Structures are given as C-alpha cells and as structure tokens.
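Asker: could you look at this predicted model? Sequence included:
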Amino acid sequence: MSKAGSGYLGVAGVFFLLGAAGVGTYLTQTSDAEASHGPAGAGKADAVVASKANTSGTIEASKRDEAGSIVLSFAGKTETISRAQLGSDRKSIEAALLPIKARMDRGPANAYLDLEGRKVHEAKDGLAMDLFGSVSAVEVALRSGADEVSLEGVAVPAEITIEDLGVSDISQVIGSFKTKFSVAEKTRNANLKLLASKINGYVLKPGEKFSFNGLTGDRLLEDGFKMAHVISQGQMVDGMAGGSCQISTTLHGAAFFSGLDILKVTPHSRPSTYVTLGLDATVVASRVDLQLRNPYDFPVVIHYRVARGVSYVEILGKEKPFDEIEFERNIDKRIPFETVTREDSQMSMGHMVVEQLGYPGYKVSKTRRVYKDGKVIKTDKWKVRYQPVIEYARLGINPNPNLPAPKKRKGHGPKPASGRFSMRQ
C-alpha cells in the first residue's frame, strides 16, 4: 500500500471512532432522560400542556374581569357599572364617568326664608365629583381587581347663606294687620298682588329705614301695573297702579301694631272704605311715601299675602318685645262738605242725581300706647287732617215730563266717623 492509501485509511478510522463516541454519548443521554422523565418526548409534551394551561387561565381571568362589574360610591349613592363599559384607559373611564357624575352630583341648597312656616332654613353645601381624582381611583380599582371604589369629590358652597339673608329667626309674629277688597275688581287685584310680591320677604335690619316708594319704584305699565281706581283730590278716578294705597295702608297697620317707628305717613284725601279712620297711609310714586324704621336690636321680616279678598301683613322676628299695643283715635273736629249742583238739560225737571258723594273732613288725634307687664312703656301721638270731599249733583231743568227717569247711582264710601275709637293687638 502506498503512503497515500495508508493516509486515507487513517482518516477514515478517526471519523469512525468519533462517530462511535457520538452515538454512545447520545444513547447515554437518552437513557438518562428516560430514567428521569419516562418515555422519550413525554417532557416536551408536558411543557406544551402547561404552557397552554397558563395562557388559557390568563384569558379566562381577563374575560372574567371584563364581564364583571364594579360598584361606584359617591355622595351617599351607589351605581354599578361593568368593567367593559369602563374600558382600560383614562379616556374611556372618563367618558363612562361623565353621565354618572351628572346623576350623582349633589347641588348646593341656598339658605331661604319659609315665611308661611316662620322658619329660616340654613344653607347646605353641595358635593361634585372630582373627575380627575375619580378616574385615578377607578384605574387603581381595575388593576387591583376591587369590586367597589369610592369616587373623589369636591365641595360646592351655597351662594346664599343665613348671613346673606340678614336674619336667623322669624319664629314670632310681632304684629299683623289685614284689610279687605272686592275680588270682582280684576285689574286692581292684579296690582295688589304684584305690589305685595315686591315687599314680601323684605328684611329690615336693626335701625334700618324702609321706604315704600324706594322699594317698589314708580309702578308703571312697563313694570306690569294696570289702570284701576284711585283717590285723587278726594274723587275716585282711574289711575296708574290703582290699589297701591291699600298695600301701603295694610303695611302701615302691621308696622303700627308691631311697634316699628313711623317716620312718614300721609292720610288719604278722604276717608277710606277698607280701613278705620287714622290707620290709612296713601302713597304716590316719587311724591308721597310711607317710611318706617326698625327700632329693635334684631332684624324683622315683612310677610305679605294677598288672596281671596284679603290683604294681610305680618311683621316677623325672633321675639315680641312688648305684650300689647293700643290704637286710639279721637275726632277733634268735623268739617262739613260742600255740595255743588250742576244743571242738566237732558234730564226732566224735578229729578236730581248725585254724581259724587260728599264726605265731611276731620281733624283727628291718634295715639299709640305700647304695653309691657301691664304698664305703658312708650307713647306716640300724631295729628291727622282729612279734607272734606265736595258732593257733586246734577239737577234736571228740561220741562218735558216724558223724558226717562235717570238711574240713581249707588253710594260708595265710608260711614261718617265720630267720637273715640280704640283697638288693641
């Protein structure tokens, strides 16, 4: 054999030996693997099964979380929402919370006066959902798998407090007064109710002055007032905001019997049909005013009600500083009225019709006495003058006896006053 052939045999032998060694090693490893894990391929199959099991568990847990729900609590209310509705990011959570916020937010309640119940109700702050903080709280709950989450809130203060109202106690009726009116006079009654609404609930603080005209304004058509009967120069005519004087008169009566200071008051030009002589108070926008003042160290409130033919005023406060108030009126002088007769050629001779009733004038003294524990603790006196009202009549001068007889007008006015009159409240 040549040197070349001998070399090839040597290389082949080496590869043979290496191959044999590799087979032995493989057989040894296989034998060890079978000894440890059983038949060949069993370990790899187990690993695949375990991997599938883990993936399936994660998917099932994810599905369970998405299909589940979470309870949201806020401001004493609860609402259940599915996790799927909430989504998984801040934007979707915020979108889901917005309608819930609208339902759950608790608005503030302002302080207010319950005049009928004579109570002052305190303000209550509201509570609004803090959207930014609530989104974060829901995110944490979703990650932790919590079933319930309390949402964040921020206080919303009331706009009007008891301090703003200026009064904290209206439990006592210090004084009251009422007058009556005909429910048939629709336009006049509308004026009464509108004007009373402007005064109702007015708070008069200690030492504060009240001006009727200052509060109610000029009382014009554009303010909603209507033409109705008014007394002008002793005559009953139609005028703007007719009925205003009954509102001011009823308020004056309540103020009188509440012990309020009467700073300025003017009687009608003739006695009124709805109030006794001496307690009336006329007002004319920008010219004739009713002015009062609160003499007490606590605020008082005017409660005005106009309904079913009655105008009624209460002065409310925390206490009644006296036991009783007396009104006394004396007629110092009666002034006779004048009668003016006008000839009427359209009416037969012998007939006369009174167009406007005459009323005597009066000079009146009125007194207010305030009682406490049976003693007079304060006395106020006023002098009041009512001008006589001219009576106007028509006298027929036509000689034709066949003319129809004129219709007589019904008299409308107060009964003549005389002597002394008093009342207590």
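Answerer: Okay, I see it. Residues are numbered from 1 along each chain as shown.
Asker: all contacts plus neighbour counts: C-alpha atoms, from now on.
Answerer: Noted.
Asker: work out the gap between stretch 86-96 and the centre of the chain.
Answerer: Distance, stretch centre to chain centre, for stretch 86-96: 38 Å (CA atoms, centre = their mean, to the nearest Å).
Asker: only the buried residues of that stretch, if you could.
Answerer: By 16 or more other CA atoms under 10 Å, the buried positions in stretch 86-96 come out as 86-87, 93-94, 96.
Asker: same thing with stretch 187-201?
Answerer: Buried residues in stretch 187-201, counted by 16+ other CA under 10 Å: 187-197, 199-201.
Asker: residues of the helix or strand where residue 423 lies that come out buried?
Answerer: Using DSSP states H and E, residue 423 sits in strand 420-424. Buried positions in strand 420-424, judged by neighbour count with 16+ other CA under 10 Å: none.
Asker: contacts for that strand?
Answerer: Contact with strand 420-424 is made by 324-331, as judged by CA atoms under 8 Å, 6 or more residues apart in numbering.
Asker: circling back: and the buried residues of stretch 86-96, which two are the farthest apart?
Answerer: Distances among the buried residues of stretch 86-96 were taken as CA to CA; the most separated pair is 87 and 94, at 9.6 Å.
Asker: where along the stretch 101-250 of the chain do the strands fall?
Answerer: Counting by DSSP state E, counting those that start in this stretch, the stretch 101-250 of the chain has strands at residues 112-114, 119-121, 126-129, 148-150, 153-156, 172-180, 203-204, 209-211, 227-232, 235-240.
Asker: turn these into TSV, including distance to residue 220 and mean neighbour count.
Answerer: TSV is the format used below for these (distance: least, CA to CA, whole Å; neighbours: other CA atoms under 10 Å):
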stretch	distance to residue 220	mean neighbour count
strand 112-114	29	17
strand 119-121	33	16
strand 126-129	40	20
strand 148-150	57	17
strand 153-156	40	15
strand 172-180	24	20
strand 203-204	25	22
strand 209-211	18	17
strand 227-232	9	18
strand 235-240	7	16
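Asker: and of those, who's closest to residue 257?
Answerer: Across the strands of the stretch 101-250 of the chain, closest to residue 257 is strand 172-180 (CA to CA), at 5.1 Å.
Asker: let me see the mean pLDDT of that closest one.
Answerer: Averaging pLDDT along strand 172-180 gives 97.
Asker: residues in contact with that strand?
Answerer: So strand 172-180 is contacted by 118, 246, 250-251, 253-255, 257-259, 274-275, 309-321, 425 (CA under 8 Å, 6+ apart).
Asker: so which of those residues belong to strands?
Answerer: 310-317 (DSSP state E).
Asker: and the residues you listed, which of them are buried?
Answerer: Buried among these (16+ other CA under 10 Å): 311-317.
Asker: where in the chain is pLDDT low?
Answerer: Counting by pLDDT under 70, the ranges of the chain that qualify are 1-67, 226-241, 409-416.
Asker: bridging residues for the spatially most central residue of it?
Answerer: In the chain, the residue lying closest to the centroid (CA atoms, centre = their mean) is residue 112, at 6.7 Å. Taking DSSP bridges as the rule, residue 112 bridges to residue 121.
Asker: ok, back up a step: which one of the buried ones among the ones in strands among the contacts of strand 172-180 sits closest to residue 210?
Answerer: Nearest to residue 210 among those, with distances taken as CA to CA, is residue 315, at 13.1 Å.
Asker: what about the closest one, distance to residue 376?
Answerer: Here the distance between residue 315 and residue 376 works out to 21 Å (CA to CA, to the nearest Å).
Asker: what of residue 296?
Answerer: Applying CA to CA to residue 296 and residue 376 gives a distance of 17 Å.
Asker: turn the ones in strands among the contacts of strand 172-180 into JSON lines, columns for distance to residue 178.
Answerer: Listed next are the ones in strands among the contacts of strand 172-180 as JSON lines, based on distance: CA to CA, whole Å:
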{"residue": "310", "distance to residue 178": "7"}
{"residue": "311", "distance to residue 178": "5"}
{"residue": "312", "distance to residue 178": "4"}
{"residue": "313", "distance to residue 178": "6"}
{"residue": "314", "distance to residue 178": "9"}
{"residue": "315", "distance to residue 178": "12"}
{"residue": "316", "distance to residue 178": "15"}
{"residue": "317", "distance to residue 178": "19"}
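Asker: farthest-separated two in the residues you listed?
Answerer: Maximum distance among these (CA to CA): 22.7 Å, for 310 and 317.
Asker: would you map the helices across this structure?
Answerer: 3-37, 42-67, 83-86, 90-104, 131-144, 162-165, 186-199, 212-216, 244-256 (DSSP state H).
Asker: now residue 262. Nearest residue, chain neighbours left out?
Answerer: Using CA to CA, 6 or more residues apart in numbering and skipping the chain neighbours, the partner closest in space to residue 262 is residue 292 (4.9 Å).
Asker: for that neighbour, grab the count of nearby residues.
Answerer: For residue 292, the neighbour count with other CA atoms under 10 Å is 23.
Asker: swap in residue 296?
Answerer: The number of residues packed near residue 296 is 19, by other CA under 10 Å.
Asker: which residue is the nearest non-sequential neighbour of it?
Answerer: In space, residue 296 is closest to residue 206, 5.6 Å off (CA to CA, 6+ apart).
Asker: do residue 335 as well
Answerer: Using CA to CA, 6+ apart, the nearest residue to residue 335 is residue 361, at 4.5 Å.
Asker: quick one: the one you found from residue 121, how far?
Answerer: For residue 361, the distance to residue 121 - CA to CA - is 49 Å.
Asker: what does residue 93 give?
Answerer: Residue 93 is 39 Å from residue 121, by CA to CA.
Asker: ok so, going back, the residue nearest to the centre of the chain touches residue 118, doesn't it?
Answerer: No. Taking CA atoms under 8 Å as the definition, residue 112 is not a contact partner of residue 118, at 10.9 Å.
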